[in-house]
Each structure stands twice: as structure tokens, then as C-alpha cells.
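> structure for this input, please:
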Amino acid sequence: MSELMIEQYYTRLEKIIQYGGSRNESALRSAFEILINGYCESKNLLLINELEIKTPSGTTVIPDGTIKDALRLDWGYWESKDEYDDLNAEIKAKFAKGYPDSNILFEDSQRAVLFQGGAKVMDVSMRDAEKLDKIITRLLSYERPEIRTFREAIEQFKTDLPTILNTLRDQIAAESQRNPQFQNARDAFLTLCREAINPQVTPEDVREMMIQHILTEEIFLSVFNESQFHRENNIAGELQKVVNTFFTGTIRRNILASIENYYLVIKRTASNIVNHHEKQKFLKVLYENFYKIYNPKAADRLGVFYTPNEIVRFMIESTDHLLDKCFRKRLSDPGVHILDPATGTGTFVTELIEFIPKTQLPHKYKDEIHCNEVSILPYYIANLNIEFTYKQKMGQYAEFKNICFMDTLDHAAFSQKQYDVFSMTVENTERIKNQNNRDIFVIIGNPPYNANQMNENENNKNREYKEIDQRIKVTYIKQSTAQKTKLYDMYSRFLRWATDRLGDKNGIIAFVSNSSFIDARSYDDFREIVADEFNEIYIIDLKGNARTSGERRRREGGNIFSDKIKVGVAIYFGSLVSYGVV
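Residues are numbered from 1 along each chain as shown. Purely as a prediction, here's the structure:
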């Protein structure tokens, strides 16, 4: 029994009554919320306040708390009432409104009642610590049938996917030999990728993009069921042209038949998610899990994990504060162009959309928020998340035309870079040109951490970036003659790129990345140069370096990415002020 947590709950409850003089629900429920979250932590669950959920009849209800697991699935629910209420009558009224009875706890600080599978299974006095422990434990130990079905579908997907992948690869190999229409469409898309991403992209890379596109289309449509993304987005449209040359009718039905249940389970789960933030998180979890199954070796090496929303919001709010402090501007002001150079699934841009007032958002969204992504699946998800967030806030859909399918680090020359407009989609080319011609004021994001590796593309391992690496050599590594140093890590490259992108103009860079640069001996020159290049630098060392030991490891503590990565993490802000301009 968690005696300490329950004793702390009783103490907290008494203080609220003593100091506040109130016994109503809004005053007392915070104490029980803390208690439940304490229990949740040991089971890797999380209690989230007042999330909308859709009932079987199509209406929406909002329990006081929803318990989520790591897959963003609803594990259970909690509803708090006043002790002066008739709890039995309140329970009856909630069920009449459509509140779920699959696993829900009702309490009024005196009595707790638990329903599971539609039946009342416990009814206890909350002043009995042992019984209170048992009812909370039972709430958090119950696996709803829907969760069991979802997990079983994922396990079956793991079993079936290797066969499907081999079948698709064999099919594509056959089409490469016998289908001229396929060959032409594939070669056109390959040329696009070599221009936008990496000159070393191969036909095998395009094959894997096609497979990812084929296997995830149903997932996207299930989560964002009104999306026309695969048909309307310029890059997805080009890839779909290749797929349409062979993956139709009987071939499509036969190959995907064994994982149809996986798609149905996702669709059923997604249909009950009303809150658009939860939709985004659910989609990101699906992506992370899909990629671990699709390519576990690359997922382990690359760490397919994205920035926690709390960190993103902190960075956006801090950047807005620094803009005001240094330049008397705000993120929402006209003329403040914002760029996320490695957007992943679009978290920074969606949080920007939430942060910017509705009155200024249409202009910012249309002209002054920019982002890039080099990998096909995150690019897709970022598009979906950004457009869906805008629609939820503004009440109407608008295409987001400022995301580029490109490798940011290949565009070190910015507006001087020349393009073969016949080798890329005209729209993607124009987007890149438009971004490169803009005066960027804020560069914000989470650049890749791993040395000598790009985001998701295995074949980019040990890839060099000629222009950026030369800039690092003449700045961060002044005297070094070594061909390989840690200063060619991806986050060093992105900081070099971002600093050069701002150039001699005003601006702010805000990154979260590996924290090695703070005290590693190999970064001595780096620290000296960066200190010279910026007018002000703010660094928040979040620690979490799991590669340490002993007392140092104890001081480092846990990682903000829930220990999914092993390196320490830091948030840093740098401001460049062009004197005489402000």
C-alpha cells in the first residue's frame, strides 16, 4: 500500500479545508488529482484534466480526469463531486449523459465508487486508507477490452509486417523490370529527392518511401478522417503518381488484407478522440511505433522521438520575451519571419499557431511561418498536424504552403542556390526559393543530435555537408587539422547554419539539443566563437546525461525525453543585434 502518498493526501485535504474554508468539488479535487498521479507514475500512466471524449451516441462529455497510457489510449476516468451532493444521483446523471462506464471512479472526498465493464465493483470510504489504496490500484490495473484489442493488433502487425514488406519490395523490383510507366514516374521522383534532400538518394530509398507511403495512408485517414492530404499535397501527390502505376485493385487488396484489422482498430480508437492536441499526440505515437516495427535498427540508432510539448511552449514563450526585450517586437508582429529548420512532426509550428492571436494568425500562417523536413513520414505528419491545428483554431481549412521537403543543411548558400525547375515539382521549388529569399528573424527548433547522421535516412550515415563543414572548420575548429571531430555533430552544423542564415541582421536562435557543448573539452573553440558571434546567450542545462556514472550520474538525473535518449539536453537562446538598426 502507498501509505505515504495517502497520508500526504489526507494532510493536503485538511490544509485546503483549513485555509480555504471550502469543501466544494473545485476546492478539494486537486488533492485527489495529485494522489492519482502519484499512483499513475509507477505504472507509466498519466492523468490529464478535462479532456473531451466522444460518446457512442456522438455527443461529447468531459470527465474531470482521463488516465492515459504511453500509447495515448484511455485507460480510465475520474469524476469528482461535492461531499454535499447525492453521489448515487450524480453517478446516475453522468451515465445518462453518456459518461463511460468501462473504468471510471467517482468520489466526493468521503466516498469512492468504481465502475468497470458497466458494473459497480467497489464502493469504499475514503477515510479508510487501505480501501482507498485498493480502489485506486484496481482503477489503474484494469485493462479495458479496447486497450487489449489495440495492443493485440499492434502485436499482430509486428508479426505480419515483415512478410508484407518483402512482398512489396518484390513487387516493386518486378515493376522496375517490366513497367515503363512505373520506371518513368519513379525516376522523376528520384530526381526530385536528389535535388531536395541529398544527391546520394538511391532508387532503393525511393522504394522505401513508397512503402511507407502505402502503409501509412490509412493511418492518416483514420486519425484525420477529413484529410485530402495524400491527394492534394505536392510531394505526396508526386509519390502517389508512382504508387498508382502498380499498386491498385487486386494487388492492393491482397497485400494489405492481413493488416486490415490494424487499420480498423486505429480508426475506431481515433474516432473517439475529440481534442485535436490528443489527435496529434496519438498520431506521433503511432508514427514512433510504426517506425520501430518497420525499421527497428534505424529507430534504435536514430531515436525517433520528438520534443515534449511543454519544452516547445517554454521555448516559444521565452523567444517572444527575448524579441520584446532585445528588439521591441513579438512573434506575432508583421515582418517577423520564423523558421523551424528540422520540423519533425511539426510540433513547434503547431504550438506557434496556438500561441499567436487569432487576429494576426492568418497573415503569419500564409506568409511568415516556415519549416523544412527531410524525411517523408514526418513531412506528411507535420503537414497534417499544422493544417489541422489551424482549422481547429480558425474554424476553416487553409493549405500550409510554407513547408519544404528538403535538407536544410544543403541550402547553405540560401538565395544564391540555383535549381533545375524541371527536376523538382514546381511547387516545392517555389517554396524553397520563397523561403531562401526571406529575411528570417527567428530560427527555432530541435535539430538532430546524432553525429554524422541525418534524421531518418540510414544511407546518410557519415554524410558530409561541404559548405557547412567548411564554415565549421574556419570558425568552430580554427586550428584543427583533423578530418573528423565531434564539432561536425548535427546540432553543431545546425547552429552554424542558423547563425549564417541570420547573417548580419537582427534575430534570435532558439534550439534544444545535446548539451555536450557546455563543458566538453573538445568544444573549447566552439564556446569561444559562439560567445563572440552573439550579443546575448541564455543556456538552460537540463542535464540527463546517462553516459555518466557514480555521483555525476546521480546529479544528472532523468532525461526530459523520458529517458528515451542517453545524452544530456540543453535549451539555448542566442540573440544577434545589428547595431544602428534597432
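
> are we agreed that residue 201 is in a helix?
No: going by DSSP: H, G, I helix; E, B strand; the rest coil, the assignment for residue 201 is coil, not a helix.

> which one's the longest helix in this protein?
helix 145-178 (DSSP state H).

> list the buried residues of that one.
The neighbour-count check on helix 145-178 (16 or more other C-beta atoms under 10 Å) flags 147, 150, 153, 154, 157, 160, 161, 164, 165, 168, 172, 175 as buried. C-beta coordinates here come from the backbone N, C-alpha and C atoms, glycine included.

> could I get these as JSON lines with pLDDT?
Putting the buried residues of helix 145-178 into JSON lines (pLDDT from 0 to 100) gives the following:
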{"residue": "147", "pLDDT": "82"}
{"residue": "150", "pLDDT": "83"}
{"residue": "153", "pLDDT": "83"}
{"residue": "154", "pLDDT": "81"}
{"residue": "157", "pLDDT": "84"}
{"residue": "160", "pLDDT": "87"}
{"residue": "161", "pLDDT": "85"}
{"residue": "164", "pLDDT": "90"}
{"residue": "165", "pLDDT": "89"}
{"residue": "168", "pLDDT": "92"}
{"residue": "172", "pLDDT": "94"}
{"residue": "175", "pLDDT": "94"}
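
> for those, which one is nearest residue 534?
Set against residue 534, the nearest of these by C-beta to C-beta is residue 154 (45.8 Å).

> residue contacts, the closest one?
262, 289, 293 (C-beta atoms under 8 Å, 6 or more residues apart in numbering).

> still on that earlier bit, widest-spaced pair of the buried residues of helix 145-178?
147 and 175 (39.6 Å).

> which parts of the stretch 151-300 of the chain are helices?
With DSSP state H, counting those that start in this stretch as the criterion, the stretch 151-300 of the chain has helices at 180-196, 203-223, 229-232, 234-243, 249-256, 260-270, 276-294, 296-302.

> and those, which one's lowest on average pLDDT?
For the helices of the stretch 151-300 of the chain, mean pLDDT drops lowest on helix 296-302, to a mean of 54.

> so what's the residue count around residue 277?
If you count neighbours by other C-beta atoms under 10 Å, residue 277 ends up with 17.

> tell me the contacts of the closest residue to it other than its chain neighbours?
Excluding the flanking residues, the one nearest residue 277 by C-beta to C-beta, 6 or more residues apart in numbering is residue 309, at 7.7 Å. Residues near residue 309 by C-beta under 8 Å, 6+ apart: 277, 281, 347, 351.

> touching, the last one and residue 310? I think so.
No: under the criterion of C-beta atoms under 8 Å, residue 351 is not in contact with residue 310, lying 10.0 Å apart.

> ok, these two, which is more surrounded?
Shown here are residue 351 and residue 310; by other C-beta under 10 Å, residue 351 has more neighbours (22 against 9).

> helix/strand/coil for the more buried one?
Residue 351 carries the three-state label helix when classified by three-state DSSP.

> pull the contacting residues for it.
Contact partners of residue 351, counting by C-beta under 8 Å, 6+ apart, are 309, 312, 313, 316.

> can you tell me how far residue 340 sits from residue 489?
Separation of residue 340 from residue 489 (C-beta to C-beta, to the nearest Å): 19 Å.

> so what's residue 234 closest to, chain neighbours aside?
Distances taken as C-beta to C-beta, 6+ apart put residue 427 closest to residue 234, at 4.1 Å, once the chain neighbours are dropped.

> element containing residue 18, please.
helix 3-20 (DSSP states H and E).

> now for that helix, which elements pack on it?
Using 3 or more C-beta pairs under 8 Å, 6 or more residues apart in numbering; DSSP states H and E as the contact test, the elements touching helix 3-20 are helix 25-42, helix 129-141.

> out of those helices, which is closest to residue 569?
Across these, residue 569 has its closest neighbour in helix 25-42 (20.7 Å, C-beta to C-beta).

> out of the contacts of residue 154, who has the most neighbours?
Counting by other C-beta under 10 Å, residue 262 has the largest number of neighbours within the contacts of residue 154, with 24 neighbours.

> quick check, it in contact with residue 156.
Yes: using C-beta under 8 Å, residue 262 is in contact with residue 156, at 6.9 Å.

> find the nearest non-adjacent residue to residue 402, please.
Excluding the flanking residues, the one nearest residue 402 by C-beta to C-beta, 6+ apart is residue 370, at 4.6 Å.

> let's verify that neighbour: helix, strand, or coil?
Per three-state DSSP, residue 370 ends up strand.

> identify the bridge partners of it.
For residue 370, the beta-bridge partners are residue 339 (DSSP bridges).

> same deal with residue 65?
residue 49, residue 78.

> that one: neighbouring residues, count only.
Neighbours of residue 65 under the rule other C-beta under 10 Å: 24.

> my guess is it contacts residue 36, does it?
Yes: checked against C-beta under 8 Å, the pair residue 65 and residue 36 is within contact range at 6.9 Å.

> got the domain ranges for this protein?
As assigned by automatic domain parsing, the chain contains the domains 3-143, 147-272, 302-576.

> among the ones you listed, which is nearest residue 285?
For residue 285, the closest of the domains of the chain is domain 3-143, at 5.1 Å, according to C-beta to C-beta.

> first-to-last residue distance for the closest one?
With C-alpha to C-alpha, to the nearest Å as the measure, domain 3-143 spans 24 Å from end to end.

> and if you look at stretch 366-377?
23 Å.

> also stretch 269-282?
Using C-alpha to C-alpha, one end of stretch 269-282 lies 10 Å from the other.

> with stretch 268-286 instead?
14 Å.

> got it, and stretch 119-138?
Separation of the first and last residues of stretch 119-138 by C-alpha to C-alpha is 14 Å.

> what do you get for stretch 97-106?
15 Å.

> residues in contact with that stretch?
Outside stretch 97-106, the residues within contact range by C-beta under 8 Å, 6+ apart are 53, 55-57, 59, 61, 63, 74-81, 87, 90-91, 94-95, 112-118, 135-136, 139, 142, 144-146.
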